[in-house]
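how does the following fold in three dimensions:
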Amino acid sequence: MISRYILGLAAVTFLTPAIAVAQTAPAADTSAEALAQELGGDSITVGLGAGYLPDYEGSDDYRWAPVPGVIGSVSGINFQVLGNRANADLIPTRQGQDWDFQAGPIGVVNFMRSSRSSIDDPRVRALGELGTAIELGGFVGIGKTGVVTSPYDKLSVSVSYRHDVAGVHRSGIWQPAINYFTPLSTKAAVGLFGSAERIEDKYVRTYFDITPAQAAVSGLPAFRGRGGWKSWTVGAIGTYSLTGNLLKGFKIIGGGTYRKLINDVAASPTVSIAGSRNQWLGVIGLGYTF
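So this is what the prediction gives:
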């Protein structure tokens, strides 16, 4: 279902900055020097959260769903599996480097409207179920440590592309993104982020078009759209260590995003009539780093 797709996407945005902060550097306080000696080592974080999100992309009905995740760094290789999304940065991150070059594979399992039972609106349910898309691709990016508030904050930009290989929407998605995060102490960190998505024609026609036959059974008007910029998203995240510090122990993580659907996606009756172009999402979770 699309809720899992959005949740996985949000989980990446929410959880990655918190862990990246932990692996970058601590804020200056009495234990910062000792904590800094631990930077650059191997670590794994496992977590489980709850997300409040739309039934499908463009819905105005919301539900709760679980957010499992694993984030790790081994020999400088960073990887993560969050919800329905996985990626790995295959360029090793070395201790003490200011610039971080990033590149690697990315994969998303897209459940959008693959389960009618997860959709409350009867008009959208009447459009029928879709298959589960498997979107594979890659990303490149660059980050800089020590840019605004301290020697330990980090600003990064990236762009990714993925394409459906399961024959469901048979199209691609481009996603540029920018992230900024900073530790506030050895136990707390915050981050801000923004991204946008550009989609190809077949994506719109699979998920947002309505054929005359579908219009007859759903009561929504027929619609045919084109690809282009689909949405932009902004959000914030915060994390606080309940035991230990940002590099080890239990931590609580919470955040939220606002997404604006635009262009033909926003004009689709599944959004403009049955839903809303304003999409909100919140996540709260607990993680453990070892």
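
which residue ranges form the strands in the stretch 51-200 of the chain?
Under the criterion DSSP state E, counting those that start in this stretch, the stretch 51-200 of the chain contains strands at 62-74, 77-82, 85-89, 99-110, 133-145, 154-164, 172-183, 188-199.

tabulate those strands (JSON lines), appending mean pLDDT.
Listed next are the strands of the stretch 51-200 of the chain as JSON lines, based on pLDDT from 0 to 100:
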{"stretch": "strand 62-74", "mean pLDDT": "89"}
{"stretch": "strand 77-82", "mean pLDDT": "89"}
{"stretch": "strand 85-89", "mean pLDDT": "93"}
{"stretch": "strand 99-110", "mean pLDDT": "94"}
{"stretch": "strand 133-145", "mean pLDDT": "96"}
{"stretch": "strand 154-164", "mean pLDDT": "96"}
{"stretch": "strand 172-183", "mean pLDDT": "94"}
{"stretch": "strand 188-199", "mean pLDDT": "95"}
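
looking at those, which is closest to V283?
Across the strands of the stretch 51-200 of the chain, V283 has its closest neighbour in strand 62-74 (6.0 Å, C-beta to C-beta). C-beta coordinates here come from the backbone N, C-alpha and C atoms, glycine included.

which residues are contacting stretch 198-207?
Applying C-beta atoms under 8 Å, 6 or more residues apart in numbering, the contact partners of stretch 198-207 are 2, 57, 112-113, 130, 168-175, 224-230, 264-265, 268.

do that again at 7 Å, thanks
Identification of contacts with stretch 198-207 by C-beta atoms under 7 Å, 6 or more residues apart in numbering yields 112-113, 130, 168-174, 225-230, 264-265.

show me how far that stretch is from its chain's centre.
With C-alpha atoms, centre = their mean, to the nearest Å as the basis, stretch 198-207 stands 19 Å off its chain's centre.

so how far is S160 from the residue lying closest to W232 once chain neighbours are set aside?
Nearest residue to W232, sequence neighbours excluded (C-beta to C-beta, 6 or more residues apart in numbering): A196, at 4.5 Å. As judged by C-beta to C-beta, to the nearest Å, A196 and S160 stand 11 Å apart.

ok, the two, which is more surrounded?
Between A196 and S160, counted using other C-beta atoms under 10 Å, the more crowded position is S160 (21 against 17).

ok, back up a step: I figured the residue nearest to W232 hits P176, correct?
Yes: counting by C-beta atoms under 7 Å, A196 does reach P176; the two are 5.8 Å apart.

still on that earlier bit, distance to S43 for the strands of the stretch 51-200 of the chain - can I get that in TSV?
As requested, the strands of the stretch 51-200 of the chain are exported to TSV (distance: least, C-beta to C-beta, whole Å):
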stretch	distance to S43
strand 62-74	6
strand 77-82	10
strand 85-89	14
strand 99-110	16
strand 133-145	17
strand 154-164	17
strand 172-183	15
strand 188-199	15
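
nearest to P122, out of the ones you listed?
Among the strands of the stretch 51-200 of the chain, the nearest to P122 by C-beta to C-beta is strand 62-74 (15.8 Å).

now do the closest one against strand 85-89, angle only.
Counting by axes from the mean of the first three to the mean of the last three C-alpha atoms, to 10 degrees, strand 62-74 points 20 degrees away from the direction of strand 85-89.
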